[in-house]
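In: how would this look folded up:
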Amino acid sequence: VDLRERIARGQLTFADAARQYSQAPSKARGGEIPPFRRGELFYFFEDAASRLEPGEVSQPFRGPDGSYYLVQLLEKLPAG
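Out: Predicted coordinates:
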């Protein structure tokens, strides 16, 4: 069973998965990154996040460095 599936089944939280498996600098914060606007992060990350509703987890995708990513959207902030 893959990591996304374990999160979807409630066997693991996204934050715990990030702490255990992520290589990103945000792993210590459970993968949480500050709010961002279009153009601030790499396209595939922004694209994945823009397709989600709060609480949803993206399908795995490969970033520009070849690493795989999962994104969980916590909340959508109003534009402006």
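In: only C-alpha atoms for contact and neighbour calcs from this point on.
Out: Will do.
In: Of all residues in the chain, which one is nearest the centre?
Out: Nearest to the mean C-alpha position of the chain, by C-alpha atoms, centre = their mean, lies Val71 at 1.7 Å.
In: So that one sits against Pro54, correct?
Out: No. Here Val71 does not reach Pro54: they are 10.8 Å apart, not a contact under C-alpha atoms under 8 Å.
In: Now do Gly31: how many residues are near it, please.
Out: Neighbour count of Gly31, defined by other C-alpha atoms under 10 Å: 20.
In: got it, and the one 3 residues further on?
Out: When neighbours are defined as other C-alpha under 10 Å, Pro34 has 5 of them.
In: And it, how far from Phe14?
Out: Taking C-alpha to C-alpha, to the nearest Å as the measure, Pro34 falls 16 Å from Phe14.
In: cool, and Ile33?
Out: As for Ile33, its distance to Phe14 is 13 Å (criterion: C-alpha to C-alpha).
In: of these two, who's got more company?
Out: Taking Ile33 and Phe14 together and counting by other C-alpha under 10 Å, Phe14 has the greater number of neighbours (23 against 10).
In: Now that one: closest residue in space that isn't a chain neighbour?
Out: Take Phe14 and drop its neighbours on the chain: the residue closest to it by C-alpha to C-alpha, 6 or more residues apart in numbering is Ile7, 6.1 Å away.
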